[in-house]
Each structure stands twice: as structure tokens, then as C-alpha cells.
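Engineer: Provided below are the primary sequence and the corresponding predicted coordinates.
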Amino acid sequence: MRRLYEQGFEREAVVNLLAFIDWMLTLPLDLEREFQREVEQLEAEQRMQYVTSFERIARMEELVEAIKLGLELKFGPEALNLVPEISSLEDVELLRAVRNGIKTATTVDELRQIYQSSTTDNLLEN
């Protein structure tokens, strides 16, 4: 299975072949369980695709745009003063937290605490 994925076969083709082999060959229960664990691990690895720096930057830019829209809609145009601070963040997960925080934050300062506390935590860890 690993070689099939490495050769670029789609998941559906691999699963179809696996179903055919499973139909033709019966493994002892302990080997069947071991094979199932290995298949699950392999599929988990396949879902964790490498993200290029270009894709990461594009995601960050999209998040910043979503944050800008959310800030303006919820807090008004004055809230866009936060954009330079938010744009300097380099952590996609932190940007997602800020975007999601717009839903529950009642003030701009409350939203600012999301990324300032995380930035302070990172500095203390290093």
C-alpha cells in the first residue's frame, strides 16, 4: 500500500485493490489487526500533506483579510488600526484564534489579548 501511495495512486484505487486482495486472501486475526493498524497509520500520514511556504503565506494573507473584514463589521472602521499588529503575526494557528475570537470578543482590547498573551508566552518559553 505504501508503494502505491508513493507511486501517486489515488486513495480510491488503493482501497479497491486492497478490497480485492482481502477478498482473495484471508489473514489470521492477529495479522489482520496488525495490517489494519498499519493501514490507519499510513492513511493518517497521507492526510498530513506538506504545506509549502507559498501556501502558508497565502493562508496567512487570507486569514488577515478575513480578520480585517470581521474587525470592520463588528467593531467599525477604527478597529482596522489593529491590522498592522495582526499582520505581523507569523503563526497560522494564532491568526485563526484571532479570527475566531472576533465572534466572542466584546471589545478590541479583548481581541488584542488573544495574540498579545500568546506572543508574551512564546517569548517567555524561549
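Structural biologist: Sure thing, it's come through. Residues are numbered from 1 along each chain as shown.
Engineer: which of the helices and strands in the protein ranks last by mean pLDDT?
Structural biologist: Sorting the helices and strands of the chain by mean pLDDT, DSSP states H and E puts helix 108-125 at the bottom, at a mean of 72.
Engineer: so, low pLDDT: which residues of the chain?
Structural biologist: For the chain, the stretches flagged by pLDDT under 70 are 46-52, 118-126.
Engineer: can you list the domains in it?
Structural biologist: Per the record, the chain has its domains at 2-47, 53-125, by automatic domain parsing.
Engineer: roughly how far does the residue most central in space within the chain sit from Ile86?
Structural biologist: Nearest residue to the geometric centre of the chain (C-alpha atoms, centre = their mean): Glu93, 7.7 Å. According to C-beta to C-beta, to the nearest Å, Glu93 and Ile86 sit 14 Å apart. Yep, even glycine has a C-beta here, placed from its N, CA and C like the rest.
Engineer: check Lys68 too.
Structural biologist: Distance, Lys68 to Ile86, by C-beta to C-beta: 8 Å.
Engineer: looking at those two, which one has more neighbours?
Structural biologist: Ile86 (21 against 16; other C-beta atoms under 10 Å).
Engineer: distance check, that one against Ser117.
Structural biologist: Taking C-beta to C-beta as the criterion, Ile86 is separated from Ser117 by 14 Å.
Engineer: go on, Ala19?
Structural biologist: Distance from Ala19 to Ser117, by C-beta to C-beta: 50 Å.
Engineer: check this protein for its longest helix and report it.
Structural biologist: The residue-count maximum for a helix in the chain (DSSP state H) belongs to helix 53-75.
Engineer: show me what the following helix or strand past it is in contact with.
Structural biologist: Going down the chain from helix 53-75, the next helix or strand is helix 83-87, by DSSP states H and E. Under the criterion C-beta atoms under 8 Å, 6 or more residues apart in numbering, residues Val64, Ile67, Lys68, Leu71, Leu95, Val98, Arg112, Tyr115 lie in contact with helix 83-87.
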